[in-house]
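**Q** okay, structure incoming, though there's no sequence with it:
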């Protein structure tokens with residue numbers, strides 16, 4: 001049996017099938033990444049405009065068909081500019097995947113001692129904030145550098161992590177309590193960091209600014225963000241694009257240890 005002059009069970013058709021499968025997989029990854037994003041609505045609009053141009057040309061409306069076809073091409077190039085951040089996010093996810101499988105892994109490998117020092121300081125600080133009725137945001141870096149996503153931050157020269165330092169930064173009316181504290185290993189590297197807010201959506205309507213900031217950062221990086229609510233005193237943890245909790249002090253410690261060890265998560269609350 002021949003198709004296009006080539007035997008059906010030949011290497012030619014095997015390559016074509018693999019080529020189509022690869023393209024289908026890449027399109028599926030793209031759609032999954034932007035399905036709930038504003039970019040999806042623009043893409044749907046672009047497809048509708050392109051379909052309208054084809055239909056109008058087919059039935060003889062050449063002038064309006066030409067205009068819509070030109071408009072569709074303009075929208076295509078505009079997507080690259082308008083949604084440059086979404087493109088960067090997709091590439092960042094791909095980079096994190098390569099890092100997880102051991103390829104292009106340039107992250108600083110944290111020792112167990114460094115991790116435990118930071119976690120105990122964060123957990124103790126959460127207890128302090130709850131007792132005093134204060135809110136707070138603390139970022140624990142994992143593989144990704146958060147520098148590009150922290151605007152207006154006060155850069156520190158690797159200040160050692162300690163509960164007293166964290167408490168003093170987050171206690172109002174100090175100049176840093178409204179921003180996030182960023183921790184890498186056993187060092188505080190930034191204070192008063194303004195994090196990007198998650199996009200508005202049905203799941204985010206009830207979230208306060210701190211929680212939206214925590215969710216916004218973990219949608220862009222693989223960091224772990226601990227949030228203490230000023231209104232309720234509840235402690236939540238954001239990671240991998242989601243916000244979880246609330247946690248007690250003990251379950252918070254267990255959760256952070258699992259996440260910062262890069263182990264398979266078991267959601268024990």
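**A** Looks like it came in fine. Note that the structure is a prediction, hence the values are computed from the model and not measured. Residues are numbered from 1 along each chain as shown.

**Q** for the stretch 101-250 of the chain, what spans make up the strands?
**A** Ranges of strands within the stretch 101-250 of the chain are 136-140, 154-160, 180-184, 187-193, 224-228, 235-239, 242-247, based on DSSP state E, counting those that start in this stretch.

**Q** any low-confidence regions in this protein?
**A** Filtered on pLDDT under 70, the chain yields the residue ranges 1-10, 13, 30-40, 72, 75-76, 78-112, 114, 200-205, 262-269.

**Q** related to what we said a few turns ago, can you list the strands of the stretch 101-250 of the chain in CSV and add mean neighbour count?
**A** All C-beta atoms are positioned from the backbone trio N, CA, C, and that covers glycine. As requested, the strands of the stretch 101-250 of the chain are arranged in CSV below (neighbours: other C-beta atoms under 10 Å):
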stretch, mean neighbour count
strand 136-140, 26
strand 154-160, 12
strand 180-184, 27
strand 187-193, 21
strand 224-228, 26
strand 235-239, 24
strand 242-247, 16
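
**Q** make JSON lines out of the ones you listed and add distance to residue 129.
**A** Shown next, in JSON lines, are the strands of the stretch 101-250 of the chain (distance: least, C-beta to C-beta, whole Å):
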{"stretch": "strand 136-140", "distance to residue 129": "5"}
{"stretch": "strand 154-160", "distance to residue 129": "19"}
{"stretch": "strand 180-184", "distance to residue 129": "11"}
{"stretch": "strand 187-193", "distance to residue 129": "15"}
{"stretch": "strand 224-228", "distance to residue 129": "4"}
{"stretch": "strand 235-239", "distance to residue 129": "8"}
{"stretch": "strand 242-247", "distance to residue 129": "13"}
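
**Q** between the ones you listed, which one is nearest to residue 61?
**A** The closest of the strands of the stretch 101-250 of the chain to residue 61 is strand 242-247. By C-beta to C-beta, the value is 47.8 Å.

**Q** which strands and helices lie in contact with the closest one?
**A** Judged by 3 or more C-beta pairs under 8 Å, 6 or more residues apart in numbering; DSSP states H and E, the packing partners of strand 242-247 are helix 209-218, strand 235-239.
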